[in-house]
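Asker: Fold the stuff below for me.
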Amino acid sequence: MKVFNTLTRQKEEFVPIEEGKVRMYVCGPTVYNLIHIGNARPMIVFDTFRRFLEYIGYEVHYVSNFTDVDDKIIKKAVQEGVDAGEIASRYIEECKKDMEGMNVLPATVHPLATQEIDGMIEMIASLIEKGYAYAASDGTVYYRTRKFADYGKLSHKNLEDLQAGHREIQVTGDLKEDPFDFVLWKPKKEGEPAWDSPWCQGRPGWHIECSVMSKKYLGETIDIHAGGEDLIFPHHENEIAQSEAASGKVFSHYWMHNGFLNINNQKMSKSLNNFFTVREIAEKYDLQVLRFFMLSAHYRSPLNFSEDLMEAAKNGLERILTAAAQLQRFLGAGKAKDMSDKEQALLQESEQFTQKFIRAMEDDCNTADAIAAVFELVKFINTNVSAQNAKTYLQTLYDRLHELCDVLGIIIEQEEEILDADIEQLIAQRQQARKDKDFARADEIRDELAQKGILLKDTREGVVWQRI
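Answerer: Next comes the predicted model:
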């Protein structure tokens with residue numbers, strides 16, 4: 001299997017540190033609002049890569065953090081007049097709901113920055129002791145960027161290049177030895193959350209958080225570090241500088257980054273009024289459509305989001321779901337008999353689609369080509385199944401489709417449609433509950449039917465229902 005390593009700018013054969021096991025860290029969101037579809041892309045693509053690694057037999061230890069202390073969180077808390085921790089807790093729960101909706105598996109560990117402060121203080125103290133960091137007179141601790149000889153190796157820029165192109169990182173001030181030095185620990189401001197440290201009451205800089213959480217849950221050297229390409233510099237570059245200076249070891253062997261997401265060929269921005277949360281997309285589309293759309297292009301390619309492309313993704317997903325539903329119907333009527341020679345030959349022929357899928361995913365997680373292999377399998381199924389087939393034949397094809405879709409995180413199981421008689425029975429129970437003034441139960445029944453796609457309308461003539 002090969003992955004494109006941002007560090008070397010080439011595809012490399014993936015060789016894990018420990019045979020059969022993968023240690024993978026993916027930077028998670030800063031939780032101050034509902035996640036947007038730009039946040040969703042790395043969640044979906046690296047969840048898919050994780051699923052594939054597990055599919056081919058690896059035990060994956062997958063860590064993805066929540067940044068729960070940050071300027072944006074504090075600003076939101078001030079606006080609402082609540083504690084910063086309340087904002088973070090609220091949006092962690094909302095993020096988890098969206099992740100579940102997108103069928104993103106929970107990480108092995110979802111560490112919170114605020115629960116790892118002791119480790120951050122310990123690493124900062126170690127960097128000071130080794131001469132890679134220093135405390136200014138106001139208690140701010142800075143990292144000596146120029147002391148780390150390999151600084152810029154991930155973004156493939158030296159400090160002179162960065163000086164010309166990234167003036168925003170050159171924060172001037174009498175307390176800094178060098179404009180390129182970045183913050184490891186900052187003094188508290190009035191009303192901000194803060195922790196005691198040897199330097200001052202304050203809080204950590206953003207970059208040190210991931211270095212510490214990765215080390216604690218995965219070790220000093222990991223297999224894969226991943227995230228959006230906007231994190232390459234300065235976040236991941238600074239993580240390398242901190243982690244490798246502290247440990248004297250390679251931080252991560254492979255670096256994977258997904259491309260940007262544009263909206264109608266423009267960068268997503270609130271000022272352009274083209275900023276969409278996952279929750280807003282869910283009002284119009286099943287989030288399985290969003291997932292399918294995200295996987296329709298190679299993860300390193302820029303991806304353009306538009307209504308036309310979402311409709312195309314919806315249609316593509318429906319082709320797969322229709323084939324799966326047809327197989328389920330035929331299975332219900334299938335014959336419990338031995339497979340014929342022709343059926344056995346067809347099953348053998350269908351194995352090629354699984355192999356195409358695996359080859360695509362082994363080639364730097366090429367989900368676009370993997371989906372193409374699934375469509376070939378769907379076409380094969382549509383052409384070569386009927387209610388006359390042996391159940392074993394039908395079940396094997398269904399299992400094959402299910403297996404590949406499960407790697408992509410696409411759910412093909414269809415809930416059985418509720419029968420008219422069952423609907424009428426529930427409506428009668430609801431009517432009785434209303435007569436008994438048990439309105440809570442009446443509402444429960446309405447909600448239960450709504451979840452099954454049944455809309456109720458109370459009229460003078462009685463309750464009218466329809467499938468939606």
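Asker: which regions of the chain sit below the pLDDT cut-off?
Answerer: 163-174, 270-271, 415-419, 468 (pLDDT under 70).
Asker: what about the residue nearest to residue 10 when sequence neighbours are not counted, which helix or strand?
Answerer: In space, and not counting its chain neighbours, residue 10 is closest to residue 4: 7.0 Å by CB to CB, 6 or more residues apart in numbering. The C-beta positions use only the backbone N, C-alpha and C, and glycine is treated the same way. Assigned by DSSP states H and E, residue 4 belongs to strand 2-5.
Asker: What of residue 291?
Answerer: Secondary structure from DSSP H and E places residue 291 in helix 287-295.
Asker: same question, residue 122
Answerer: Using DSSP H and E, residue 122 falls in helix 117-129.
Asker: got a list of contacts for that helix?
Answerer: Residues outside helix 117-129 that contact it (CB atoms under 8 Å, 6 or more residues apart in numbering) are 133-135, 141, 143, 184-185, 195, 197-198, 203-204, 208-209, 211-213, 215-216, 242, 245-246.
Asker: Just the C-alphas of it, formatted as CSV.
Answerer: Presented in CSV, the C-alpha positions along helix 117-129 are these (Å, rounded to 0.1, in the frame of the first residue of the first chain):
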residue,chain,number,x,y,z
ILE,A,117,-2.6,20.8,30.6
ASP,A,118,-0.1,19.0,32.9
GLY,A,119,1.5,17.2,30.0
MET,A,120,1.8,20.5,28.1
ILE,A,121,3.5,22.2,31.1
GLU,A,122,5.9,19.2,31.3
MET,A,123,6.8,19.4,27.6
ILE,A,124,7.3,23.1,27.7
ALA,A,125,9.6,22.8,30.7
SER,A,126,11.6,20.1,28.9
LEU,A,127,12.0,22.5,25.9
ILE,A,128,13.2,25.3,28.1
GLU,A,129,15.7,22.9,29.8
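Asker: what about the strands in the stretch 151-300 of the chain?
Answerer: Secondary structure of the stretch 151-300 of the chain (DSSP state E, counting those that start in this stretch): strands at 182-187, 202-204, 222-228, 252-258, 261-263, 266-267.
Asker: nearest to residue 88, of these?
Answerer: Among those, the nearest to residue 88 by CB to CB is strand 202-204 (12.7 Å).
Asker: quick one: contacts of that closest one?
Answerer: Residues contacting strand 202-204 (CB under 8 Å, 6+ apart): 69, 113, 117, 120, 124, 139-140, 184-188, 192-195.
Asker: Take the strands of the stretch 151-300 of the chain and write them to a markdown table, including distance to residue 363.
Answerer: Converted to a markdown table, the strands of the stretch 151-300 of the chain look like this (distance: least, CB to CB, whole Å):
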| stretch | distance to residue 363 |
| --- | --- |
| strand 182-187 | 36 |
| strand 202-204 | 39 |
| strand 222-228 | 16 |
| strand 252-258 | 13 |
| strand 261-263 | 22 |
| strand 266-267 | 29 |
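Asker: Now tabulate the ones you listed in TSV and tack on mean neighbour count and distance to residue 12.
Answerer: Below are the strands of the stretch 151-300 of the chain laid out as TSV (neighbours: other CB atoms under 10 Å; distance: least, CB to CB, whole Å):
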stretch	mean neighbour count	distance to residue 12
strand 182-187	22	29
strand 202-204	23	32
strand 222-228	24	11
strand 252-258	22	7
strand 261-263	19	26
strand 266-267	11	30
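Asker: Those: which one's closest to residue 464?
Answerer: Closest among the strands of the stretch 151-300 of the chain, using CB to CB: strand 261-263, at 40.1 Å.
Asker: Contacts made by that closest one with the rest, please.
Answerer: 37-38, 41, 268, 272, 274-276, 302-306.
Asker: Can you say which of those residues are buried?
Answerer: With burial judged by 16 or more other CB atoms under 10 Å, the buried subset of the contacts of strand 261-263 is 37-38, 41, 268, 276, 303, 305.
Asker: ok, residue 315 - how many residues close by?
Answerer: For residue 315, the tally of surrounding residues (other CB atoms under 10 Å) stands at 10.
Asker: Is it part of a helix or strand, or is it coil?
Answerer: helix (DSSP: H, G, I helix; E, B strand; the rest coil).
Asker: circling back to that earlier point, got a list of what the residue nearest to residue 10 touches?
Answerer: For residue 4, the contact set (CB under 8 Å, 6+ apart) comprises 10-12, 256, 300, 364.
Asker: Pipe those residues into TSV and attach distance to residue 221 per row.
Answerer: Shown next, in TSV, are the contacts of residue 4 (distance: CB to CB, whole Å):
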residue	distance to residue 221
10	21
11	21
12	16
256	16
300	24
364	22
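Asker: Mind telling me the two of those residues farthest from one another?
Answerer: Spatially, the most separated pair among those is 12 and 300, at 14.0 Å (CB to CB).
Asker: re the thing from before, just the ones in strands from the buried ones among the contacts of strand 261-263, please.
Answerer: If you go by DSSP state E, the buried ones among the contacts of strand 261-263 have 303, 305 in strands.
Asker: Contact partners for the residue lying closest to residue 370 once chain neighbours are set aside?
Answerer: Closest residue to residue 370 apart from its sequence neighbours, by CB to CB, 6+ apart: residue 360 at 4.1 Å. Neighbour list for residue 360: 366-370, 372-373 [criterion: CB under 8 Å, 6+ apart].
Asker: Recalculate using a threshold of 7 Å.
Answerer: Residue 360 sits next to 366, 369-370, 373 when contact means CB atoms under 7 Å, 6 or more residues apart in numbering.
Asker: and it, how far is that from residue 408?
Answerer: According to CB to CB, to the nearest Å, residue 360 and residue 408 sit 11 Å apart.
Asker: Which strand or helix spans residue 359?
Answerer: helix 341-362.
Asker: So for that helix, what gets flagged as buried?
Answerer: Of the residues in helix 341-362, 343, 346-347, 350, 353-354, 356-358, 360-362 count as buried by neighbour count, 16+ other CB under 10 Å.
Asker: CA atoms only for that helix, dumped as PDB, please.
Answerer: In PDB, the C-alpha atoms belonging to helix 341-362 read as follows (Å, rounded to 0.1, in the frame of the first residue of the first chain):
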ATOM      1  CA  ASP A 341     -22.400 -23.800 -12.100                       C
ATOM      2  CA  LYS A 342     -23.300 -20.500 -13.800                       C
ATOM      3  CA  GLU A 343     -23.900 -18.800 -10.400                       C
ATOM      4  CA  GLN A 344     -20.600 -20.000  -9.100                       C
ATOM      5  CA  ALA A 345     -18.900 -18.700 -12.200                       C
ATOM      6  CA  LEU A 346     -20.600 -15.300 -11.900                       C
ATOM      7  CA  LEU A 347     -19.500 -15.000  -8.200                       C
ATOM      8  CA  GLN A 348     -15.900 -15.800  -9.300                       C
ATOM      9  CA  GLU A 349     -16.200 -13.100 -12.000                       C
ATOM     10  CA  SER A 350     -17.600 -10.600  -9.500                       C
ATOM     11  CA  GLU A 351     -14.500 -10.900  -7.300                       C
ATOM     12  CA  GLN A 352     -12.600  -8.700  -9.800                       C
ATOM     13  CA  PHE A 353     -14.600  -5.700  -8.500                       C
ATOM     14  CA  THR A 354     -13.400  -6.300  -4.900                       C
ATOM     15  CA  GLN A 355      -9.800  -6.500  -6.200                       C
ATOM     16  CA  LYS A 356     -10.200  -3.200  -8.200                       C
ATOM     17  CA  PHE A 357     -11.600  -1.600  -5.100                       C
ATOM     18  CA  ILE A 358      -8.700  -2.700  -2.900                       C
ATOM     19  CA  ARG A 359      -6.100  -1.600  -5.500                       C
ATOM     20  CA  ALA A 360      -7.700   1.800  -5.700                       C
ATOM     21  CA  MET A 361      -7.700   2.200  -1.900                       C
ATOM     22  CA  GLU A 362      -4.100   0.900  -1.600                       C
END
